[in-house]
Every structure is written in structure tokens, then in C-alpha cells.
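Enquirer: fold the stuff below for me.
(one chain, ligands or ions: 2)
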Amino acid sequence: MFKKQKPELKFTSGRRYVTSNTTGVMRLRNKYYNKALAFTIKERQLLGIHGLLPPVVRSVEDQVRIKYAQFINLNHDLMKYLFLLNLSEINEPLFYKLLESYTEKCLPYVYTPTVGLACQRYSYIQQFPRGLYITYKDKGHVLNVLKNWPEFDVRVIVVTDGGRILGLGDLGANGMGISVGKITLYTAFGKVRPHQCLPICLDVGCNTDAVREEPYYMGLKCKRPPTDEYNEFVDEFMEAVVKRFGQNCLIQFEDFGNSDAFRFLDRYRYQYCMFNDDIQGTAAVGVAGIISAMKCTGTDWKSHRILFQGAGEAAIGIAKLLVIAFKKAGFKEEQARNSIFLRDSKGLITKDRSPDSLTENKLPFAKDMPFIYKLEDCVREIKPTILIGASSQPRSFTKQILRMMALYNAVPIIFALSNPTAKSECTAFDAYMNTKGKCFFASGSPFPPVEYGGRTRYTSQANNAYIFPGIGLGAASSCIKYLSPDIFLNAARIVAGLCTPEDYAQGRLYPPLTKLSHCAFEIAMAVFTYAHIKDLSMVSPKPTDIRAFLTHQLYDAKYEPVIPSWLQPDSKTDQKDKLNCIEC
Ligand SMILES: O=C([O-])CC(=O)C(=O)O
Ligand SMILES: [Mg+2]
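Expert: Ligands and ions are numbered 1, 2, ... in the order given. Okay, the predicted model is just below:
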């Protein structure tokens, strides 16, 4: 007989176990164990849930097909978002299976662009609270709040303070949606197990009056603290994470405001296992697109002039990683910088601008040339081969600008990276139409393919989703001490290297989204290998077969049998010790 006791979850070598007196009904209501109609008749009888489900037993494949049919028939983006989020709370393996099976169709609704809309409405659409909220009022007690998180083996954290959600500005605590969206991709494509992933919102107030004053706003109704005090709070958070989850827990900073993002990256990058996705993740994906563009146009680094519209996290991140890439290709740093032009809201970044309009990140790229204000004039003067938008200024790549790009280049490269879709610098349609179908176009948010001159041009989504899941898997499994810039350059090369001639022929500079898991795994392999070569890994001894080691750690979104093989009546293993512990 089993003693009556509270069901208890145990975590053993990364696998979940539940004590055998977890009732069948609890399994039906628990997202980890619920299999819905996939419980076999035998399992239903054993669990005492026979009759609680309709008699049919359905395969997981059929369940996925049915869920997809339900999903695709919803006619509002937010409904689709909520449908998927709810599924993830009711039946986690089925949710990930659906995402795996219909990646291109489902991704835009758990992630960019719909996640932007979801964040804007987050206070109204909350159904199941997700993630951990740590507020400024918790200063001095951050560790206690972290201790309330029920999982122990957390390997990856995505933390936002909502300071700059996509191109939508300061959304305060509503930014939690972004951490939840990113963490979903860690499991879906990085295959980091769900219980090892933690989305966090640091709620330190919000400087957007309209958000703060919404009647149902869920966050702290105050403005953000001054820099020094904010630093103290985030310092405390970083220390608390290490105390609670260990030095090797990866902390991804997401969608912080511009100056906070750069400051925290500088402050922590070599002290903690952390990175900033908007600076470094986007940098890697941007550089991947440029490497790809060079490969398919047969050009090299010195044939390019790159003009950025925007000089924030993404633009500076890409520009800095490009400099490293140029140098590795044998160029002098100065040569590299001379090929990179940045234009911010005040105009082209030139040396003759007033010093207070040039931050230390922009200064190295300031040009010794006459100041130009308008983007169109910058394009006319510089004649860039590659034009990159990262400004959140919708439609700033005008018809004239796109036509000029086609006039100056046989194959213009145009990236409109701002998110969500409404913030994009131009649409895929505009890009192809105004360059006579000659350009390669990539964007942060997805655009449908465009027909031009009897050909279908597929667009690519130049989104850091190609990068961060692999960085996370690699960092978490190698227990890396910190993430150096080389890791992001390697990731860029890997993504570019996974493009095929067929992808190029279709107009893509990135592998299709269906290869996101493949990209993540190869990036993780590279991170792991790098960590060992540079003596940054805490995994010792080094596994002899890294591929097998990594593969073993991957999350597999499948239903486990209620009675595992080692508890079957014919099992040779000693069952006495194990009867209280049924693996699910
Ligand atoms: O979330 C995304 O789709 C990409 C990203 O990091 C951003 O735009 O801030
Ligand atoms: Mg971001």
C-alpha cells in the first residue's frame, strides 16, 4: 500500500518523476503529464480515469493535426496567440510537438510579430500567470523571490525590464510576454528542457505614461529609478541568480532600453554567463546575412559599404561584430570601420557632429566627411551595397531609396530589421518591386513571398531566433564561464553555412525556419567546442563525443508511458526500491 502523502515532484538527472500516488485526475490536469486522448485504455484503467475521457484513443500525430486545424481556423492574431499559450499550459508536449510540426505557421503567433501585440495587451489577456516577477520593491530581498520559483535546475533565464519591447517602446511589466516568447523558443528549437528555462520580468516601473495609467496595468505604477539605484538592483539580481541557480546559469538580457542594455552588457559580460540578445544575438544574425550575401554574390568584405539606418542596440551590435569579422578576414580595424556608416535620428554619424550627440559606442564609426541629415542623401552620397534598417522608423526605406539601391548595385542587399511588422523599414513587396526583383531582402518580422517577373522570391526572417536558442543550449550544457564575441561570430558563420544554393536561388539569405533546431544544435556544438578549447567550460572531463553528449540533453516533446519499461511485470530490475517512483 502507498502511504497517503502529498504528491511530490522529484528531479533526477534532468528527468521528471512523480510519486505514484499522483492521481490520474491530477495527471489530466497537469501540463507535464497530461496526454489527453493519448492515454491508452490500460493507462486510463490503471490511473482511475477510465470514463473521464471519451472512449477513443488518439495518437499524438492526430492530436497535433486536430490542434492545428483548430488553430488555423481562428481569425484573430491574439486569439491564435492565446490558443497556443493555453495549450502550452494544458499539455506541454503537445504544444511543442505542434510548434515543431508547423513551425512556419505557428512561430509568428508565439513570437514576433504577435508577441508584440500580446505585450501591448498583456495586462488584459493574462490567463495563466507565467514566469517570475521581481519588482523594485523587492530590492534587498531578490534572492527570497527567486527562491519561490518551484524549479531547482534552471539553466537559462530570459530577463527583461520591458524598457524597449521590440520597436514598441517602454511597456513596463507588460514586457513579460517577451521573456515568455523567447523562453518558448529555447525549448522549441534549442531543446532546452522546459523546467530548465525561466522567464523573468524585472518590474522597475515604466516611463510610458499611457501604459502606467491604464486602469488594469499589472505593474508598478511608478517611473523608472535613477541609473545608480537601478545598477544596485540589477547587481543584486545577478548575485541572487548565481546563489540560487549557480554560476553557469545563462542570463539573456532582452529588450532593455538602449543605454541600460549597453551598460549592463559592459558591466557583466566577463563576470557572469550572460549576453544581450538585442546587441549580440541580433549582431550574429545580421552578420550571418552579410556572410551569406557575400557567398551568393561572390563578393568579399572589401567590396561592401554598409549603411545602417539607426544606431541603437542592433545597429551597433552588428557594426561591432562586423569589425571583428573584417579583422579575422585580414583587414585592418580602420579599414573595417571605414566601410561601416551609421545614421541615427540626428543624421549621419560624422566627426563634425556635436560631441554630446555621439555616445562612446557611436564614436568609433564617426566619419571624417561632411554631415548629411537625410537618409536619401546618405544613400546617394555613400552608395551602399548593403542597407540595414534597425531604427523602428516604419517605411523609412522609401521608393526612391530602394530604387537608388537598385541603380548602384547589381544585387542590392536590404535588411529591414525593426520589429514588429508595422515598424519595418519597408515591406518585402516594396523592396522587390522597387529594385526590379534584384535585391536580397531580409526582415526581422516575417513577410510572405513575393511574385516578381514570374518568379517567387522568398524572404528571410533575419531574427535572433536563429542564434539565441543555440547559444543557450551550448552555454547551459558546457557550463561556460562567460560568452566572448568570437562565440557570436562563430554562430553567424554557422547560420550562413547552413544556407544551400537552393535557398539562395529562392532569394533566401538564411536557412528556412524549419531548420531552426538544426541551427541551434550546430551553434551549441560550436559553443561547447569553443568553451573547451578556451578553457571556459566547467564540464570536466571533456566528453569524448560532444555530439552524443549534447544529443542526450535535448528535450524530446513526446509522451512518456505511464508505466515505464523497468516497472513492467517482466522487468528484471529490482522493483522494490522503485515502486514509489513512477517515471512519467
Ligand atoms: O524579438 C524579436 O523578434 C527580435 C528582437 O530581439 C527584437 O526585435 O527586439
Ligand atoms: Mg529583443
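Enquirer: what's the burial count for whatever residue of the stretch 401-550 of the chain ends up closest to ligand 2?
Expert: Of all residues in the stretch 401-550 of the chain, Asn464 sits closest to ligand 2, with a separation of 6.8 Å (C-beta to the ion). The C-beta positions use only the backbone N, C-alpha and C, and glycine is treated the same way. Residues within reach of Asn464, counting by other C-beta atoms under 10 Å, total 28.
Enquirer: what's the closest non-adjacent residue to it?
Expert: If the residues on either side of it in the chain are set aside, Asn464 comes closest to Gly281, at 3.4 Å by C-beta to C-beta, 6 or more residues apart in numbering.
Enquirer: quick one: the one you found and Ala462 touch, right?
Expert: No. Counting by C-beta atoms under 8 Å, Ala462 is not a contact partner of Gly281; they are 11.3 Å apart.
Enquirer: pull up the residues of the chain that are close to ligand 2.
Expert: Within reach of ligand 2 by C-beta under 5 Å from the ion, the chain has these residues: Asp255, Asp278.
Enquirer: show me the domain layout of the chain.
Expert: 113-272, 280-463 (the TED database).
Enquirer: first-to-last residue distance for the shortest one?
Expert: Start to finish, the residues bounding domain 113-272 are 30 Å apart (C-alpha to C-alpha, to the nearest Å).
Enquirer: next: stretch 123-137.
Expert: End-to-end distance for stretch 123-137, by C-alpha to C-alpha: 19 Å.
Enquirer: centre of the chain to that stretch, how far?
Expert: Relative to its parent chain, stretch 123-137 has a centroid offset of 19 Å by C-alpha atoms, centre = their mean, to the nearest Å.
Enquirer: chain neighbours aside, what residue packs nearest to Tyr408?
Expert: Using C-beta to C-beta, 6+ apart, the closest residue to Tyr408 is Lys383 (4.5 Å).
Enquirer: next one: Ile291
Expert: Nearest non-adjacent residue to Ile291, counting by C-beta to C-beta, 6+ apart: Ala496, 3.9 Å away.
Enquirer: what's the burial count for Gln271?
Expert: 12.
Enquirer: distance of Asp278 relative to Glu313?
Expert: Applying C-beta to C-beta, to the nearest Å, the value for Asp278 to Glu313 is 4 Å.
Enquirer: cool, Arg267 as well?
Expert: 15 Å.
Enquirer: show me which of these two is the more surrounded one.
Expert: Per other C-beta under 10 Å, whichever of Arg267 and Glu313 has more neighbours is Glu313, with 27 against 15.
Enquirer: contact partners for the more buried one?
Expert: Counting by C-beta atoms under 8 Å, 6 or more residues apart in numbering, Glu313 touches Arg164, Asn258, Ala261, Phe262, Asn276, Asp278, Ile279, Thr282.
Enquirer: could you rerun that using 7 Å?
Expert: Glu313 makes contact with Asn258, Ala261, Asp278, Ile279 under the criterion C-beta atoms under 7 Å, 6 or more residues apart in numbering.
Enquirer: buried among these? Make that a ChimeraX selection.
Expert: Here is the ChimeraX selection string for the buried members of these, based on 16 or more other C-beta atoms under 10 Å:
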select :258,261,278,279
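Enquirer: now tabulate the contacts of Glu313 in JSON lines and tack on pLDDT, distance to Trp301 and secondary structure.
Expert: Listed next are the contacts of Glu313 as JSON lines, based on pLDDT from 0 to 100; distance: C-beta to C-beta, whole Å; DSSP: H, G, I helix; E, B strand; the rest coil:
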{"residue": "Asn258", "pLDDT": "97", "distance to Trp301": "28", "secondary structure": "helix"}
{"residue": "Ala261", "pLDDT": "98", "distance to Trp301": "27", "secondary structure": "helix"}
{"residue": "Asp278", "pLDDT": "98", "distance to Trp301": "25", "secondary structure": "helix"}
{"residue": "Ile279", "pLDDT": "98", "distance to Trp301": "22", "secondary structure": "helix"}
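Enquirer: of the contacts of Glu313, which is the nearest to ligand 2?
Expert: Closest to ligand 2, out of all of these and judged by C-beta to the ion, is Asp278, at 4.3 Å.
Enquirer: touching, the closest one and Ala261? I think so.
Expert: Yes. Applying C-beta atoms under 7 Å, one finds Asp278 in contact with Ala261, separated by 6.1 Å.
Enquirer: you'd agree the residue nearest to Ile291 is up against Ile290?
Expert: No. Ala496 is beyond contact range of Ile290, at 8.3 Å (criterion: C-beta under 7 Å).
Enquirer: what about the residue nearest to Asn464, how many residues close to it?
Expert: Counted by other C-beta under 10 Å, the residues lying close to Gly281 total 28.
Enquirer: for Val285, give its distance to Ser460.
Expert: As judged by C-beta to C-beta, Val285 and Ser460 stand 10 Å apart.
Enquirer: so between those two, which is more surrounded?
Expert: Neighbours per residue, other C-beta under 10 Å: of Val285 and Ser460, the larger number sits with Val285, 32 against 28.
Enquirer: the more buried one and Tyr466 touch, don't they?
Expert: Yes. Counting by C-beta under 7 Å, Val285 does reach Tyr466; the two are 5.2 Å apart.
Enquirer: which neighbours do the two have in common?
Expert: Counting by C-beta under 7 Å, 6+ apart, the common neighbours of Val285 and Tyr466 are Val495.
Enquirer: count the neighbours of the closest residue to Lys139 other than its chain neighbours for me.
Expert: Ranked by C-beta to C-beta, 6+ apart and with sequence neighbours excluded, the top spatial neighbour of Lys139 is Phe233, at 5.2 Å. Residue neighbour count, defined by other C-beta under 10 Å, stands at 19 for Phe233.
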